[in-house]
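**Student:** Sequence first, predicted coordinates after that:
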Amino acid sequence: MIARIFLADDERPVLEGVAAAIRKRLPDVAICGTASTGREAVDGAIRERPDVILMDVRMPGMSGLDALRELRASAPETVPILLTAYERFDVAKEAFGLGVYDYLVKPVDQDLLVEAIRGAADAAAARKAEAIRAMDAIEALDARRPLLEEGLVFAALAGDCDGSRIRDYASALSFAHWDGGFAAFRRRVVAPGANPRADEDGLRSVLSYRADCAVGVPFHGVVPVFFPGADARAIAEAAQAALLEDGLKGMSAGVGPKASMERLGDSWKAALAALGEAGPGGVAIAGGPGGAERPLEPLPAIAAALSAASIGDPAAAAAAWASLPDDRILQAAVAGAVAWSLRGDAEAVVEAAAAVSSGAVPRAAFNSGKPGPGYGTAGRAIEAMRVVKERYAEPLSLEEVADRVGLSAAHLSRVLSSETGKSFMEHLSEIRIAKAKAELASGRLSVKEVGAAVGYSDPNYFSRAFKRETGMTPSEYARAADREDT
């Protein structure tokens, strides 16, 4: 398999020498691009997605280390090698902290260079193979997870004599606990012709984002859910948050006490008893032999956030959300519900909940006035393009735009590619060149001034970028436009 390498150095003789060594001694490595500035290196690596990038530390505009910081977010799959004319410990330390495979000092010995490139290419191949294996493992577990969950619930309710089946199922599901508690979910009014497994699938989809749990097969319309290691209060909070989701509205839940592995059946019976005390959309916690506790009431802040979202007031919804207790499960559920109410976009719901889970503010829930049917994938691509069109003349980076639309640079890069078929740099270059063509045709500015006006601080880079897009240099284009006018 051919490995692809990108070369970045502001010294043309160094670039040519490295390229010659690669072509002569590394037939299984192809050069996919070169750059003479840090910005060109970042843009080129994002565009080409090389396996390896060989980069100088000191380059005009942006240093190699700064470029690596940006690439770490935008092209994490690329393995970097750093070149430098100065052997400094502090630079080397920072470089290795940024994931650099090797650190070479100029003038570079060809044997060391070849060895470093081969090693980095092997590291890139191993990284890709590991990512594929991880994805395959996740997909395999996801495919059989419902069966494992149903098996665990059945073993717990059927009375596993020695606990071996419960332990086996729990281990396969990567649960750290064998004890825990049960919740019983029921929909009081079932629509004619409704899929009897729809609530099971809906609960699995919603609850799996909030807590470790195993969802079982419905028994006479009641869905059993086991929460390993959780006590009744934690289960009740997860259940209450889940019942705010559109697909689960109208269901109610009863929660049993935490029990040892041998007594999980008792937790289930208590959950069933508590279910009778819970009204539609409510959750009741079993209080032991004396019956159920008072049903868990929705927090006023939840009602305030959802009410504000229902009338299209994201600022009020955000303020109500900020007053919720410090409980990420609850916060994620409410953020997702607000995002759906304001946007009607499933992508925005997932992103809002994921943001809360990682400790961030759920921008997808509270951003107002964004274009498109929602502020999910399509809306974010449109918003990103709006930012690029407004700020094309600035030294704009993928990270800055990603921050504006509430995504990571890598995520925005994937979103733009999937939604528009073009990368961030392709969009930016397209807009800049279109503006440059209009300015050159007008004749008001010099070629250098036009380049600066549309975001190219380096005239040589502007000339190369313009010719790559149009087939002509800026000067040739200006002369041709002038001839057409006359």
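**Tutor:** Arrived safely. This is a predicted model, so every value here is computed, not measured.
**Student:** which residue packs closest to Phe6, ignoring adjacent ones?
**Tutor:** Pro50 (4.1 Å; CB to CB, 6 or more residues apart in numbering). All C-beta spots, glycine's among them, are computed from the backbone N, C-alpha and C.
**Student:** Distance check, the one you found against Ser205.
**Tutor:** Look at Pro50 and Ser205: by CB to CB, to the nearest Å, they are 38 Å apart.
**Student:** List the residues that contact Ala95.
**Tutor:** Val57, Leu65, Leu68, Leu82, Tyr103 (CB atoms under 8 Å, 6 or more residues apart in numbering).
**Student:** Can you give me the domain boundaries for this structure?
**Tutor:** 3-130, 175-290, 300-366, 378-486 (automatic domain parsing).
**Student:** Format these as CSV; extra columns: mean pLDDT and distance to Gly151.
**Tutor:** Converted to CSV, those look like this (pLDDT from 0 to 100; distance: least, CB to CB, whole Å):
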stretch, mean pLDDT, distance to Gly151
domain 3-130, 86, 30
domain 175-290, 84, 9
domain 300-366, 69, 26
domain 378-486, 83, 35
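**Student:** The spatially most central residue of the chain: what's its closest spatial neighbour, skipping adjacent residues?
**Tutor:** The chain has His411 as the residue nearest its centroid, 5.2 Å off, counting by CA atoms, centre = their mean. Leaving out its chain neighbours, the residue that sits closest to His411 by CB to CB, 6+ apart is Ala402, at 7.1 Å.
**Student:** before we move on, which element is Val225 in?
**Tutor:** strand 222-228 (DSSP states H and E).
**Student:** And that strand, what does it pack against?
**Tutor:** Counting contacts by 3 or more CB pairs under 8 Å, 6 or more residues apart in numbering; DSSP states H and E, strand 222-228 packs against helix 110-158, strand 180-187, helix 198-207, strand 214-215, helix 232-242, helix 264-275.
**Student:** Tell me who's in contact with Ile81.
**Tutor:** Contacts of Ile81 (CB under 8 Å, 6+ apart): Val52, Ile53, Leu54, Met55, Val100, Tyr101, Asp102, Tyr103, Leu104, Ala116, Ile117, Ala120.
**Student:** again with Gly443
**Tutor:** The contact partners of Gly443, by CB under 8 Å, 6+ apart, come to Ala478, Ala481, Asp482.
**Student:** do the same with Ser174
**Tutor:** With contacts taken as CB under 8 Å, 6+ apart, Ser174 has no neighbouring residues.
**Student:** ok so it is a helix residue?
**Tutor:** No: read with DSSP: H, G, I helix; E, B strand; the rest coil, Ser174 is coil and lies in no helix.
**Student:** quick one, phi/psi of it?
**Tutor:** phi 60, psi 30 (degrees, to the nearest 10).
**Student:** where does it land on pLDDT?
**Tutor:** For Ser174, the model assigns a pLDDT of 85.
**Student:** want to throw the domains of the chain into TSV with distance to Ala156?
**Tutor:** Below are those laid out as TSV (distance: least, CB to CB, whole Å):
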stretch	distance to Ala156
domain 3-130	35
domain 175-290	4
domain 300-366	23
domain 378-486	38
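**Student:** what's the distance between the nearest residue to Phe424 once chain neighbours are set aside and Arg414?
**Tutor:** In space, and not counting its chain neighbours, Phe424 is closest to Leu398: 4.7 Å by CB to CB, 6+ apart. Per CB to CB, Leu398 is found 11 Å from Arg414.
**Student:** Neighbour count: these two, which is higher?
**Tutor:** Leu398 (26 against 14; other CB atoms under 10 Å).
**Student:** Ok, which of the helices and strands packed on strand 222-228 comes nearest Val223?
**Tutor:** Of all those, it is strand 180-187 that lies closest to Val223, at 4.4 Å by CB to CB.
**Student:** what does that closest one rub up against?
**Tutor:** 156, 199, 203, 221-232, 235-236, 239, 248, 250-259, 264, 267-268, 270-272, 274-275.
**Student:** If we use 6 Å, what do you get?
**Tutor:** 199, 221-230, 232, 235, 239, 250-251, 253-256, 258, 267-268, 271-272, 275 (CB atoms under 6 Å, 6 or more residues apart in numbering).
**Student:** what angle separates that strand from helix 264-275?
**Tutor:** Using axes from the mean of the first three to the mean of the last three CA atoms, to 10 degrees, the direction of strand 180-187 lies 40 degrees away from that of helix 264-275.
**Student:** quick one, strand 180-187 and helix 110-158 angle?
**Tutor:** 70 degrees.
**Student:** quick one on the thing from earlier: dump the contacts of Gly443 into CSV; add neighbour count, distance to Arg444 and secondary structure as well.
**Tutor:** Output for the contacts of Gly443, formatted as CSV (neighbours: other CB atoms under 10 Å; distance: CB to CB, whole Å; DSSP: H, G, I helix; E, B strand; the rest coil):
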residue, neighbour count, distance to Arg444, secondary structure
Ala478, 22, 11, helix
Ala481, 15, 12, helix
Asp482, 12, 12, helix
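**Student:** give me every residue that touches the residue nearest to Phe424.
**Tutor:** Ser74, Ala409, Phe424.
**Student:** Let me know whether Leu7 touches Gly33 as I believe.
**Tutor:** No: Leu7 is beyond contact range of Gly33, at 7.5 Å (criterion: CB atoms under 6 Å).
**Student:** related to what we said a few turns ago, quick one: which of the contacts of Leu398 has the most company?
**Tutor:** Most surrounded of the contacts of Leu398: other CB under 10 Å gives Phe424, at 27 neighbours.
**Student:** where's that one relative to Glu11, distance?
**Tutor:** Counting by CB to CB - Phe424 and Glu11 are separated by 28 Å.
**Student:** what do you get for Gly119?
**Tutor:** Relative to Glu11, and taking CB to CB, Gly119 is found at 24 Å.
**Student:** rewinding a little: looking at the contacts of Ala95, which is nearest Phe175?
**Tutor:** Using CB to CB, the contacts of Ala95 come closest to Phe175 at Leu68, 39.2 Å.
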